[in-house]
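Student: Okay, here's the prediction I keep looking at, along with the sequence it came from:
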Amino acid sequence: MVSSLLKHAIIGIITFLVLTTQFVLLSSYGIINISAQTSTTESGGSINSNSNSTDSEFTLEEAYTVPLNTYNESSLAPTAGQPRLLERIPTEALQPSEPFFGQPREIKEPGVRNETDTNVEQTQAQTASNQTLNQELQNKTVVTLQNTTNATSEAPAATAATAIPSSAGSPLLISPITGFKGIDFRESGGWFPPDATLGVGPNHVVQMVNLQGAMWTKQGDPINTFALDQFFATGTDRTADPRIFYDPGSNRWFGALMDISTNSIHVAASASEDPTGDWYVYDFPFSNCPDQPSIGVSADKFVVSVNTFANLCNGGFTGVQFTVADKADMLNGTTPRFVQSDPDTLLFSLHVAETQDPSSASDIEMVSVDNGGSQFATVISLDGKVPNVTASDSFVPIQLTNVPPKAIQPDTITKLQTNDARVLDAEEYRGRLWFSFNDACVPEGDSQARSCLRLIEIDTSKTGSDAVIQDFNVGVNGSYLFFPALSVDNNGNLFVVYGISGKTIFPSLLVSHRLANDPPNTVEEPLTLQPGGGSDFSGRYGDYFAVAVDPTDPNVFWVAGEYTPQDQATTRWSTFIGHFSVTR
């Protein structure tokens, strides 16, 4: 049996060896150019990384594999406990929240591993965004986009059918991006930011934002709206950070909501393919307050991972913690078999990857890059049937991550929070793991650091160790990009939805893509999903967007995110749900 203390000691030694070994190796290789402007920002004295090329891979496999159930008993009591079924909720009995007409209310900013250090890095990032480039801002692979919207003069029309020439020479046809308004500021309880999430099934679209949920047909016809405190059986508890997705492997829906008052995550699993029917609602307890839950499934497992904080999320970081439950038990409405990890302070924001692998795949991946100043990603693979689950870790060197600067916008000195460099989305498909987060970079032709998208692809199909295939930033000269969410289609093509703002660009939604056979570390020019009509005066934005592949047609993508409408007096912010198809 491996103790938690010994486990942490081993990880600490390996982490040191990874960084030391990586620095020596990269120093011998020098800067690798990939036909793109490269740059980086200051990171409080962290070692620069000059890594990443498709013909050089640096990895270090973890020196141990530990069955979760061999060290798990001590972590389950008294601070945590057995997930339990709370209720079987019929959605037809739910009522929507009353529209909110009071003063805006801010959801507490996502907890950070070390708030003091992150504040220092945010200040450094902001300083770097207002100064001339120096030698330390030269080492990141950056793709610079050109096709962006100048939004202050006139809001552009919806994007028409567009043929985007791919690098491979064959055009990818994007159908008209159509969609409808999602949940807005008043409907969701008057909170900001929205934390937009989205699920798409065979016949329904489901969105959950802050305290409100809603369902539509795929044609955009509303079916119902419902209060999340009723749906997740949280009563008057403090709640936040909803999640929702459809699992084509089981033809069921899964949702989650953070319950601050009880240090738990309430998890809902639909009783059928129809989300308008009944749902089983479970309580998943954690050792401390569980912030920003990330959820996913494999063929036989449901996983929820959280950052835990002391004192009902008002205290310090107490570690990443995750629970693995038997998926069949949850779908049958019975008390699920489960295992749970000890809180781990050496990791931060361990994001569960959604998967489009065959429904027979039992393994599931999670990935973390800390929240800024990191030079490696930690990938944890869970396998085995609950409760005999094993966890194996790989440490993968990547280019340096940085806390991004805040984003400017027109007509105000208020800057948008771009938070930090934690993983925001991840998806595995056919042995490839893509993940995305906010980062800082200097776009080509620019002289200042901006908030940029960071996209990384890792090959998980190799035996023994993972390898970085692509690792690059996406930026816009003079503008700021933030909160990327991603998905891949059945051909391995990548699609990303994200926000943009700048001196002449109101906060808007864009969509970009890259083809599976495009050159490494490249992305196609963006399309406008929803233009903004005004500036956001709260300063809070995000904290995450969503992409979902249509289960009835893997060439159809659904996306959701925040934008700022023109009518600030009534809506302040809104979400938009769009969809489009791709053909070759």
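Tutor: Ah, there it is.

Student: And the helices in the chain?
Tutor: In the chain, the helices defined using DSSP state H lie at 4-29, 68-71, 73-76, 115-128, 228-231, 310-313, 327-331.

Student: So which elements touch the fifth one?
Tutor: The elements that helix 228-231 packs onto, with contact taken as 3 or more C-beta pairs under 8 Å, 6 or more residues apart in numbering; DSSP states H and E, are strand 212-217, strand 239-247. Bear in mind the C-beta positions are built from the backbone N, C-alpha and C, glycine included.

Student: Which strands or helices does the longest one pack on?
Tutor: Under the contact criterion of 3+ C-beta pairs under 8 Å, 6+ apart, strand 239-247 touches strand 197-200, strand 204-209, helix 228-231, strand 252-259, strand 289-297.

Student: ok, the first one: who's next to it in the sheet?
Tutor: Yep, that's strand 197-200 we're talking about. Applying DSSP bridges, strand 197-200 is found paired with strand 204-209 (antiparallel).

Student: what's in contact with the partner strand?
Tutor: Strand 204-209 is contacted by residues 182-183, 187-188, 194-200, 213-218, 220, 223, 228, 242-244, 246, 253, 255, 257, 274-276, 558, 560, 575, 577 when judged by C-beta atoms under 8 Å, 6 or more residues apart in numbering.

Student: where exactly do the strands run in the stretch 301-450 of the chain?
Tutor: With DSSP state E, counting those that start in this stretch as the criterion, the stretch 301-450 of the chain has strands at 301-309, 317-326, 338-340, 351-352, 354-355, 364-368, 376-383, 390-397, 423-429, 432-441, 450-459.

Student: how far is stretch 306-316 from where the chain is centred?
Tutor: 20 Å (C-alpha atoms, centre = their mean, to the nearest Å).

Student: ignore the last one, stretch 286-293
Tutor: With C-alpha atoms, centre = their mean, you get 17 Å for stretch 286-293.

Student: Make sure Leu433 is actually in contact with Ile380.
Tutor: No - counting by C-beta atoms under 8 Å, Leu433 does not reach Ile380; the two are 11.2 Å apart.

Student: what do the two both touch?
Tutor: With C-beta under 8 Å, 6+ apart as the test, Leu433 and Ile380 both reach 365, 367.

Student: mind showing which ranges of the chain have poor pLDDT?
Tutor: 1-80, 100-110, 112-139, 147-176, 356-359, 462-466, 568-571, 584 (pLDDT under 70).

Student: sorry, back to before: any chance of the helices and strands packed on helix 228-231 in CSV, with distance to Phe395 and mean neighbour count too?
Tutor: Converted to CSV, these look like this (distance: least, C-beta to C-beta, whole Å; neighbours: other C-beta atoms under 10 Å):
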stretch, distance to Phe395, mean neighbour count
strand 212-217, 38, 21
strand 239-247, 27, 23
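
Student: any chance of these in JSON lines, plus distance to Val142?
Tutor: JSON lines is the format used below for the helices and strands packed on helix 228-231 (distance: least, C-beta to C-beta, whole Å):
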{"stretch": "strand 212-217", "distance to Val142": "38"}
{"stretch": "strand 239-247", "distance to Val142": "31"}
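
Student: So which of those strands is nearest Gly532?
Tutor: Evaluated with C-beta to C-beta, those place strand 212-217 nearest to Gly532, the distance being 21.6 Å.

Student: possible to save the strands of the stretch 301-450 of the chain as CSV with distance to Gly542?
Tutor: Below are the strands of the stretch 301-450 of the chain laid out as CSV (distance: least, C-beta to C-beta, whole Å):
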stretch, distance to Gly542
strand 301-309, 16
strand 317-326, 20
strand 338-340, 28
strand 351-352, 15
strand 354-355, 19
strand 364-368, 19
strand 376-383, 21
strand 390-397, 26
strand 423-429, 8
strand 432-441, 8
strand 450-459, 11
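
Student: and the residue nearest to Gly578 when sequence neighbours are not counted, how far is that from Val205?
Tutor: Of all residues not flanking Gly578 in the chain, Gly179 sits nearest, at 3.2 Å (C-beta to C-beta, 6 or more residues apart in numbering). Gly179 is 10 Å from Val205, where distance means C-beta to C-beta, to the nearest Å.

Student: okay, and the common contacts of these two?
Tutor: 220, 577.

Student: More neighbours: those two, which one.
Tutor: Val205 (28 against 20; other C-beta atoms under 10 Å).

Student: out of Leu433 and Ile380, which sits in the busier spot?
Tutor: Leu433 (25 against 22).

Student: which residues sit in contact with the residue lying closest to Ser574 once chain neighbours are set aside?
Tutor: Distances taken as C-beta to C-beta, 6+ apart place Asp184 nearest to Ser574, at 4.0 Å, with adjacent residues excluded. Residues near Asp184 by C-beta under 8 Å, 6+ apart: 565, 571-575.

Student: With Gly190 as the reference, measure out to the closest residue to Lys415 other than its chain neighbours.
Tutor: Nearest non-adjacent residue to Lys415, counting by C-beta to C-beta, 6+ apart: Lys406, 3.6 Å away. Counting by C-beta to C-beta, the gap from Lys406 to Gly190 is 23 Å.

Student: Pick out whichever of these two has more residues nearby.
Tutor: Lys406 (21 against 18).

Student: Against Asn438, how distant is the more buried one?
Tutor: For Lys406 relative to Asn438 (C-beta to C-beta), the value is 11 Å.

Student: What is the neighbour count of Ser360?
Tutor: By the criterion of other C-beta under 10 Å, Ser360 has 9 neighbours.

Student: re earlier: among the helices and strands packed on helix 228-231, single out whichever gets nearest to Asn371.
Tutor: It's strand 239-247; of the helices and strands packed on helix 228-231, that one is closest to Asn371 (C-beta to C-beta) at 16.1 Å.

Student: Name the residues that touch that closest one?
Tutor: With C-beta under 8 Å, 6+ apart, strand 239-247 has contacts from 107-108, 195, 197-201, 206-211, 213, 228-229, 232, 252-260, 266, 291-297, 354, 543, 548, 551.

Student: and the gap between Val267 and Asp363?
Tutor: The separation that Val267 has from Asp363, given C-beta to C-beta, amounts to 21 Å.

Student: If you count surrounding residues, which of the two has more?
Tutor: Neighbour count, other C-beta under 10 Å: between Val267 and Asp363, Val267 has more, with 27 against 18.

Student: Not counting residues beside it along the chain, what's closest to Thr236?
Tutor: Asp229 (7.4 Å).

Student: How about the contacts made by that neighbour?
Tutor: Asp229 touches 211, 235-237, 239, counting by C-beta under 8 Å, 6+ apart.

Student: which of these lies closest to Thr528?
Tutor: Leu211 (29.2 Å).

Student: Count the neighbours of the residue nearest to the closest one when sequence neighbours are not counted for me.
Tutor: In this structure, Leu211 finds its nearest non-sequential neighbour in Gly189, 3.9 Å apart by C-beta to C-beta, 6+ apart. Residue neighbour count, defined by other C-beta under 10 Å, stands at 21 for Gly189.
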